[in-house]
Structure formats: structure tokens, C-alpha cells
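Q: here is a sequence with its predicted model. Questions after.
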Amino acid sequence: QVHVVESGGGLVQPGGSLRLSCAASGSIFSINAMGWYRRAPGKQRELVADITSGGSTNYADSVKGRFTISRDNTKNTVYLQMNSLKPEDTAVYSCKAVVSPSAVGYYYDYWGQGTQVTVSS
């Protein structure tokens, strides 16, 4: 079994910052990409940012220049530093890890439960 657990959400004022963390644990042989997604009320889930095992990153246009994704491969952990937060960033943020549980080489998507981020004055 693979477990993915997020932390770090909360309530913040517009212009503020938050840092999300996501740790994968369990039967892990290797992890390919890790990423953050969000779902705002009444909207579809969207990619916020992701990062490969080699450190290549990809960001949604709406967060470029404000959010930074990083990764600690020794801890199977990915972080999302969110600065200059806006009310439209309010959403449930979920982490996905693309994991191979064994040396066979098949990768599977594992999701965390999500953490609420609310940007409001």
C-alpha cells in the first residue's frame, strides 16, 4: 500500500503565503512525478504544478511567478510554496504521486485526501 498525506492548508488573507507539504510512504520502489492539483467550488480539478524526479517543473499559467514547487527525493516529499495568494486560489489542494511499488516498473497514481486553502479577508 502507498499512502499520500498532505498538510499545511488553512485560512490566509489575500497577499499572504502558505506552504503545503505532501509525503508519500509505504510500498515504494520509485516515484516518478509528484504534483499538486486543486478543485475550487463548482469547478473541475486542475493541475497547479508538478515536478519530475529529475526536478523539471510545470506550472499552471494562473500561478506562475507566485507558486514554487520543490521536492525532496530522500523523503518522498513535495512542497508547494504559495505566495501572493488571491481569493481565486481558494480550493481543496490535492497531491498526486506517480509511484512504482516494485522493480517491475509499472507506475500508478496515488492521491492524498486533500487540504483546504481559503484566501479571504
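A: Happy to help now that I have it.

Q: buried ones in stretch 15-31?
A: With burial defined by 16 or more other C-beta atoms under 10 Å, the residues of stretch 15-31 counted as buried are 18, 20, 21, 22, 23, 24, 28, 31. C-beta here means a position set from N, CA and C on the backbone, and glycine is covered the same way.

Q: can you redo the residues you listed as JSON lines with distance to residue 89, secondary structure and pLDDT?
A: Output for those, formatted as JSON lines (distance: C-beta to C-beta, whole Å; DSSP: H, G, I helix; E, B strand; the rest coil; pLDDT from 0 to 100):
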{"residue": "18", "distance to residue 89": "9", "secondary structure": "strand", "pLDDT": "98"}
{"residue": "20", "distance to residue 89": "11", "secondary structure": "strand", "pLDDT": "98"}
{"residue": "21", "distance to residue 89": "17", "secondary structure": "strand", "pLDDT": "98"}
{"residue": "22", "distance to residue 89": "17", "secondary structure": "strand", "pLDDT": "98"}
{"residue": "23", "distance to residue 89": "22", "secondary structure": "strand", "pLDDT": "98"}
{"residue": "24", "distance to residue 89": "24", "secondary structure": "strand", "pLDDT": "97"}
{"residue": "28", "distance to residue 89": "30", "secondary structure": "coil", "pLDDT": "94"}
{"residue": "31", "distance to residue 89": "26", "secondary structure": "strand", "pLDDT": "95"}
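
Q: straight-line length of stretch 59-69, end to end?
A: 9 Å (C-alpha to C-alpha, to the nearest Å).

Q: who's in contact with it?
A: With C-beta atoms under 8 Å, 6 or more residues apart in numbering as the contact definition, stretch 59-69 has outside contacts at 35-36, 46-51, 57, 78-85, 88-89.

Q: which ones among these are found in helices?
A: If you go by DSSP state H, these have nothing in helices.

Q: ok, residue 14 - contacts?
A: Contacts for residue 14 (C-beta under 8 Å, 6+ apart) come out as 85, 86, 87, 119, 120, 121.

Q: the second one - how many residues pack around it?
A: In terms of burial, residue 86 registers 13 neighbours under the definition other C-beta atoms under 10 Å.
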